[in-house]
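Trainee: pasting the sequence and the predicted model now:
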Amino acid sequence: MEINSKIKVIEGPSKGRYPHSNSVLIGKSLIIDTGAGDVLKDLKVEWVINSHWHEDHIALNKIGKRVAAHVLDAEAIESYEEFKERYGMGDLVNLFINFEFGSVDRTFEDGEEFEFEGLTIEVLHTPGHSAGHCCFIINEKIIFLADIDLTSFPWYGCRDCHVGDFVRSIEKVKRIVQERDISTAIPSHGDVVFGKENIVRKLDEYLRVIYERDKKIRELISAGEDPVGKGVIYRRIPEPKDIFLNFEKIMVEKHLTTFQSESSLP
Ligand SMILES: [Zn+2]
């Protein structure tokens, strides 16, 4: 899908549904994320910019001569050991890996700007989904949201996730969309959203999912119940259960350890 003559969304299969994601081709030789699957296989670019370290965003990084990522996520893109450590489920993590790890040639931080073929790409560090998760503002009016993905399922099931940071990052994106009149939002999974008001509304709905989970978790705890496996995160724990139960445990734990002081609901 062409956003304009220089910016093209390359959708992963099934609208970028996991285990794939959407990529954005900027000009002829820079791509954001490489999880769109076979459609990318024959592409060759100068630069790959990764939004974060998850497998569904880095799988075809080898199509780029060089790779750039946020300084806090670079190691997990380069190293199996760090990748495994962040998932925190031992060798079960091998189920997610059908690619080779490769080097990150440049790291970046919040606020850095790249000029590329007459376009600007501004880094917005938005931690929470991962420690180094970033969104990118392209040419001032377009935002790549990565895994602030506007689905009904905000996800924070790894060790380097932080649900309090996630909420603050969503608020930050919302503020920037409003202040700068951003009119196009490209999530890593699902459809592109057009119109400032629509983007803000969807960000609000996304936030609400997190607040509702928090409320239910605290209600279950008050009633003396273990919130894990009660449908608060996964309605039913999918197969393989070991893996998804582990994600659910981590996500519930994140509510209890990294959201505690912020649980006053709007
Ligand atoms: Zn992710």
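Mentor: That came through, no problem. This is a predicted model, so every value here is computed, not measured.
Trainee: and the closest residue to F116 other than its chain neighbours, what are its bridge partners?
Mentor: Excluding the flanking residues, the one nearest F116 by C-beta to C-beta, 6 or more residues apart in numbering is L30, at 5.3 Å. Placement of C-beta: from N, CA and C, glycine included. L30 has these beta-bridge partners by DSSP bridges: I26, W47.
Trainee: surely L30 meets W47?
Mentor: Yes: between L30 and W47 there is a contact at 4.5 Å, judged by C-beta atoms under 8 Å.
Trainee: point me to the residue of the stretch 151-266 of the chain nearest the ion.
Mentor: Nearest residue of the stretch 151-266 of the chain to the ion (C-beta to the ion) works out as W155 at 6.7 Å.
Trainee: how many residues are close by that residue?
Mentor: Applying other C-beta atoms under 10 Å, we find 19 residues neighbouring W155.
Trainee: what of Y211?
Mentor: 16.
Trainee: show the pLDDT at L43.
Mentor: Reading off the confidence values, L43 has pLDDT 96.
Trainee: residues contacting it?
Mentor: Contacts for L43 (C-beta atoms under 8 Å, 6 or more residues apart in numbering) come out as 25, 31, 63.
Trainee: ok, it to R159 distance?
Mentor: 32 Å (C-beta to C-beta, to the nearest Å).
Trainee: how about the residues of the stretch 101-250 of the chain near the ion?
Mentor: Residues of the stretch 101-250 of the chain found near the ion (C-beta under 5 Å from the ion) are D147.
Trainee: from the stretch 101-250 of the chain, which residue is nearest to the ion?
Mentor: D147 (3.9 Å).
Trainee: give me phi/psi at that residue?
Mentor: phi -90, psi 20 (degrees, to the nearest 10).
Trainee: and I233, what does it touch?
Mentor: Applying C-beta under 8 Å, 6+ apart to I233 gives the contacts 213, 247-248, 251-252.
Trainee: at 7 Å instead, please
Mentor: I233 is in contact with 213, 248, 251-252, counting by C-beta atoms under 7 Å, 6 or more residues apart in numbering.
Trainee: for the residue of the stretch 151-266 of the chain closest to the ion, grab phi and psi.
Mentor: With angles defined as degrees, to the nearest 10, W155 sits at phi -130, psi 130.
Trainee: same thing with K249?
Mentor: Torsion angles, degrees, to the nearest 10, at K249: phi -60, psi -50.
Trainee: in space, what's closest to it - neighbours in sequence excluded?
Mentor: Here the residue nearest K249, using C-beta to C-beta, 6+ apart, is V228, at 5.3 Å.
Trainee: tell me the spacing between that neighbour and I49.
Mentor: The spacing between V228 and I49, counted by C-beta to C-beta, is 36 Å.
Trainee: for the two, indicate the residue with more neighbours.
Mentor: I49 (27 against 19).
Trainee: I'd say that one and G64 touch.
Mentor: No: if you go by C-beta atoms under 7 Å, I49 and G64 don't touch, sitting 8.7 Å apart.
Trainee: list just the nearest of the contacts of L43 to V192.
Mentor: L25 (13.8 Å; C-beta to C-beta).
Trainee: the closest residue to that closest one other than its chain neighbours: neighbour count?
Mentor: Of all residues not flanking L25 in the chain, K8 sits nearest, at 4.5 Å (C-beta to C-beta, 6+ apart). Residue neighbour count, defined by other C-beta under 10 Å, stands at 16 for K8.
Trainee: now do K8, the pLDDT please.
Mentor: 97.
Trainee: who are the contact partners of it?
Mentor: Contacts of K8 by C-beta under 7 Å, 6+ apart are 1-2, 25.
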